[in-house]
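Enquirer: pasting the structure only:
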C-alpha cells in the first residue's frame, strides 16, 4: 500500500514509489527507489513537498502518513515496456531498472566479468576449465537481458582499462543475447548464443599481449597469429566438459563471413552458422564502439552506419537490418543534441516511438554540466511546436568533440545507485 508522506517525515529505508511531480525532469535517475542516504533525503526535500511511499517495498516501518485515501496506482515498473514483441503505447517509458534492480544487474556483471577473467587465466596457464561456471553466468545474463534489456545495453558502455578481452566477451554476450531476443530465438538458443559469445575469444589467450595490444600495424606473421585464435579457441574448448556443439561452432566460426572471405574455414552463405553470425555482428559492433590500444572508439550510431554500408556482404543484409532495428535509430549509449542545444545520453530506446528515446541530460542549452543529471522521456512530452522545437533530437554527436566521457558517466551513475 502507498502512503502520502511529507518529505520532512521521510526516513532512510522508505521506498519512494511516486513523487508529487512528474519523474520526467526530476533529479532522480530511476522511477521508484529506496532512500539509502542523507543525500537522498536532501534531494527529496529540495525537489518535493511530499511523496508516496510503498510500505511493502520499504525496509523500515512506514510512519507519518498524511491522512488521505490510500493510493493504489501501479508501481512505475509496471508501465514499462517489458513484453517480448508486445505492443505498448508510445507514452509508456522504456524499460530501465530502478536502483535495487540496477544493483542486482551490476553485481551479476561483476561476477560474470570475474568468471571470464578466471576462465581465461586458467586457459592461459594451460589448465582445463569448468564449463558449468560459464553456463551459470550466461543463464543470469539471459535472465537480465530478457527483463531489462536497456539497462544491460547501457552498462556495456562501461570500459575496463585492463582485461580488454574479458570485458569485450561480456559485452558481446549481452549484445548477442539482446539481438537473439529481438530475433525471437528460444531460451535454449539464447543460452547457446550467450555461452558461445562469452567464450568466443578464449583462443586469444595463446597470443602474446604485445601482439594483442599492439597500437601499430601488425606484421603478416602477427596477423596470422591473430587469425588463428578462432581455431585455437575451438581446439582448447573441445577438451572441456559439457560445452554444446553449437556453442563450440560459434567459437570456431565467429569470423566466418557469408561472402566466403572469413576464417578459419572460408565458409560461405548458409554454411556459416546463424548463431555465429549473430555473435559476429555483436563482436564487430563492440569492437567499433570500444576503446582499444589499436582502435579509438566511434559513436554507436556511426558504428551502425558502417555495418549498414559495409556489413551486408559479410553478415547478410537481412541480419544487419535486424541488428539495426534491435539497437534502434539512436542506440543506447549515444550522445545526442536536442533542439535547444542541450546534450543527453540515450539510456533506453522506445520501440513504440523510435525517435523519442529516454535521455539522461548531461549538458544544458548553455553548455553547462548538469548535476544532478535528469531523465527526459521524450515520448512523454507534449506534442506541440514549442516542445518539439526544444526537445526533438537534431543529431547524434561525438562525445569526444564535447569532452564528454560516456563510460565515466555510466560508472558514476552506477556507483551513485
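Expert: Sure thing, it's come through. Keep in mind the model is a prediction, meaning the values are calculated, not measured.
Enquirer: avg pLDDT for the longest strand seen in the chain?
Expert: With secondary structure taken from DSSP state E, the chain has its longest strand at strand 369-377. Averaged across strand 369-377, pLDDT comes to 85.
Enquirer: And it, what's buried?
Expert: Within strand 369-377, the residues that count as buried by 16 or more other Cβ atoms under 10 Å are 373-377. All C-beta spots, glycine's among them, are computed from the backbone N, C-alpha and C.
Enquirer: With stretch 389-406 instead?
Expert: Within stretch 389-406, the residues scored as buried using 16+ other Cβ under 10 Å are 391, 393, 396-397, 399, 404, 406.
Enquirer: for stretch 257-264, same thing?
Expert: Quick answer for stretch 257-264 (16+ other Cβ under 10 Å): 257-258, 262-264.
Enquirer: what does that stretch contact?
Expert: Residues outside stretch 257-264 that contact it (Cβ atoms under 8 Å, 6 or more residues apart in numbering): 227-228, 230-231, 252-253, 255-256, 266-270, 272, 277, 280, 313-316.
Enquirer: Same question for stretch 145-157.
Expert: With Cβ under 8 Å, 6+ apart as the criterion, stretch 145-157 contacts 82, 84, 94-97, 101-102, 105-106, 109, 141, 144, 171, 174-175, 177-178, 181, 190, 286, 327, 331-333, 347-349, 358, 406-407, 410, 414.
Enquirer: Just the ones of these in strands?
Expert: Per DSSP E, strands hold the following members of these: 347-348, 358.
Enquirer: Identify, from those, the entry nearest to residue 19.
Expert: Nearest to residue 19 out of those is residue 358 (Cβ to Cβ; 17.0 Å).
Enquirer: Pretty sure residue 345 is one of the things that closest one touches, is it not?
Expert: No - judged on Cβ atoms under 8 Å, residue 358 makes no contact with residue 345 at a distance of 9.7 Å.
Enquirer: Are there helices or strands packed against the least confident helix or strand in the chain by mean pLDDT, and which ones?
Expert: Every helix and strand of the chain was ranked by mean pLDDT, DSSP states H and E. The lowest is strand 33-34, at a mean of 80. Counting contacts by 3 or more Cβ pairs under 8 Å, 6 or more residues apart in numbering; DSSP states H and E, strand 33-34 packs against strand 15-19, helix 99-124.
Enquirer: May I have the strands that pair with that strand, each with its orientation?
Expert: If you go by DSSP bridges, strand 33-34 pairs up with strand 15-19 (antiparallel).
Enquirer: about what we covered before: just the ones of the buried residues of stretch 389-406 in helices?
Expert: Counting by DSSP state H, the buried residues of stretch 389-406 place 391, 406 in helices.
Enquirer: Where does pLDDT dip in the stretch 101-250 of the chain?
Expert: Where the stretch 101-250 of the chain drops to pLDDT under 70, the residues are 159-163.
Enquirer: again, only this time at 50
Expert: Residues of the stretch 101-250 of the chain meeting the criterion pLDDT under 50: none.
Enquirer: Need the buried residues of stretch 257-264 in TSV (columns: distance to residue 49).
Expert: Shown next, in TSV, are the buried residues of stretch 257-264 (distance: Cβ to Cβ, whole Å):
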residue	distance to residue 49
257	60
258	60
262	62
263	64
264	66
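Enquirer: Can you tell me which of these is nearest residue 381?
Expert: Nearest to residue 381 among the buried residues of stretch 257-264, counting by Cβ to Cβ, is residue 258 at 42.2 Å.
Enquirer: That closest one - that's part of a strand, no?
Expert: No - under DSSP: H, G, I helix; E, B strand; the rest coil, residue 258 sits outside any strand and is assigned coil.
Enquirer: Any figure for the gap between it and residue 234?
Expert: 20 Å (Cβ to Cβ, to the nearest Å).
Enquirer: Could you do residue 321 as well?
Expert: 29 Å.
Enquirer: The two - which one has more neighbours?
Expert: More crowded of residue 321 and residue 234, by other Cβ atoms under 10 Å: residue 234, with 20 against 14.
Enquirer: just to revisit the earlier point, which element follows the least confident helix or strand of the chain toward the C-terminus?
Expert: Counting by DSSP states H and E, the next helix or strand C-terminal to strand 33-34 is helix 38-47.
Enquirer: quick one, the helix or strand just after that following helix and strand 15-19 angle?
Expert: Sequence-wise, the next helix or strand downstream of helix 38-47 (DSSP H and E) is strand 50-54. Counting by axes from the mean of the first three to the mean of the last three Cα atoms, to 10 degrees, strand 50-54 lies at 130 degrees to strand 15-19.
Enquirer: Show me the contact partners of strand 50-54.
Expert: The contact list for strand 50-54 (Cβ under 8 Å, 6+ apart) reads 1-7, 10, 14-20, 32, 44, 62, 65-66, 71, 73, 75.
Enquirer: end to end, how far does stretch 346-365 reach?
Expert: Distance across stretch 346-365, first residue to last, is 17 Å (Cα to Cα, to the nearest Å).
Enquirer: Give the rounded mean pLDDT of it.
Expert: Stretch 346-365 comes out with an average pLDDT of 88.
Enquirer: Tell me the buried residues in it?
Expert: For stretch 346-365, burial by neighbour count (16+ other Cβ under 10 Å) applies to 346-351, 353, 356-363.
Enquirer: Kindly report the same for stretch 8-26.
Expert: For stretch 8-26, burial by neighbour count (16+ other Cβ under 10 Å) applies to 10, 14-19, 23-24, 26.
Enquirer: cool, and stretch 54-67?
Expert: 54-55, 57-58, 62, 65.
Enquirer: Many thanks, have a good one.
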